Every structure is written in structure tokens, then in C-alpha cells.
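A.B. asks: need a 3D model of the sequence below.
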Amino acid sequence: MFVTGGSAGNTSNVDYATITYRTSTGYQLWVKRYNGPGNLDDRATSVVTSPGGGTVYVTGRSTGTSSGYDYATIAYKAGTGAALWLARYNGTGNGTDAAQAAAVSPTTGTVFVTGSSAGTGTMEIDWATVAYHG
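C.D. replies: Residues are numbered from 1 along each chain as shown. Okay, here's the model as predicted:
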């Protein structure tokens with residue numbers, strides 16, 4: 001079982017915290033943290049696994065160095081917690097972008113991440129969905 005969210009860091013503000021537990025016993029297997037490049041507020045909002053269960057995908061909002069909040073999506077090896085890749089998305093308005101959900105295609109393994117995103121010239125918060133090959 002995988003859980004994720006925000007957690008206060010020792011030398012940073014709030015970071016992503018992702019934990020996996022053995023479902024039969026509740027024993028903690030691994031913990032991974034992510035502190036974004038802005039070293040400020042990073043909050044994971046969604047965790048999903050690949051169709052075969054070998055990869056865990058975590059997404060949420062993460063403070064960039066000059067872009068405000070961006071989507072930040074991380075792929076981990078499910079068994080060990082080793083980071084496989086990290087992708088960041090800064091919307092066209094270079095404002096607040098906050099991923100709120102992720103899903104994985106059962107046939108292609110494509111990871112879809114969606115959430116609110118500041119658009120260019122709209123004066124409103126829009127929605128954006130990005131896709132990554134798992």
C-alpha cells in the first residue's frame with residue numbers, strides 16, 4: 001500500500017512524503033521525500049501504480065525557483081523506492097499550477113496528470129492535463 005502527502009522537512013518547508021507499507025502487516029518498507037527546487041511548499045496529492053504494480057507515480061504541486069507552483073510528478077520503483085524519473089510542468093501563464101490527480105492507462109502505461117493551471121491571458125485558473133510515458 002502506498003500513501004503520499006505533504007510533510008514538514010528538517011531543512012525545508014513542506015515536502016512530498018511517500019511511504020509504502022506491507023499490506024499484510026502494516027510494516028513500513030520505504031519512505032521517499034521530494035523537496036522541489038524552490039525549497040518551499042511541495043505537497044503531493046495523488047499516488048497511483050502501474051498496471052503491473054512495478055512503478056509508483058506521485059504528483060502534486062511544487063514550488064519552482066521562479067515559476068511559483070508547478071506540477072511535479074515522480075516515478076519510483078515500487079519494490080525499492082528508487083527514483084526512476086521526475087517531470088515538472090509549468091503552465092503557459094507561469095503562475096500557480098497544482099496537479100490534483102493522476103491515472104495510468106491499463107494498456108499503454110501512459111501516466112495522465114491533471115489539475116489547475118494558470119493560463120495565459122485568461123485571468124482565470126484553467127485546467128491542464130499532461131501525459132508521460134511510464
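A.B. asks: now residue 39: which helix or strand?
C.D. replies: Under DSSP states H and E, no helix or strand contains residue 39.
A.B. asks: now it, nearest residue through space, not along the chain?
C.D. replies: residue 12 (5.3 Å; Cβ to Cβ, 6 or more residues apart in numbering). No exception for glycine: its C-beta is placed from N, CA and C like everyone else's.
A.B. asks: neighbours around the one you found, how many?
C.D. replies: 18 (other Cβ atoms under 10 Å).
A.B. asks: now residue 96
C.D. replies: 16.
A.B. asks: repeat for the one 5 residues further on
C.D. replies: As a burial measure, the neighbour count of residue 101 was computed by other Cβ under 10 Å and equals 13.
A.B. asks: now do the same for it: its pLDDT.
C.D. replies: pLDDT, residue 101: 98.
A.B. asks: which of the residues in stretch 110-127 are buried?
C.D. replies: Across stretch 110-127, burial judged by 16 or more other Cβ atoms under 10 Å covers 111-119, 125.
A.B. asks: tabulate those (TSV), appending pLDDT and secondary structure.
C.D. replies: Formatted as TSV, the buried residues of stretch 110-127 follow (pLDDT from 0 to 100; DSSP: H, G, I helix; E, B strand; the rest coil):
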residue	pLDDT	secondary structure
111	98	strand
112	98	strand
113	98	strand
114	98	strand
115	98	strand
116	96	strand
117	95	strand
118	89	strand
119	85	coil
125	83	strand
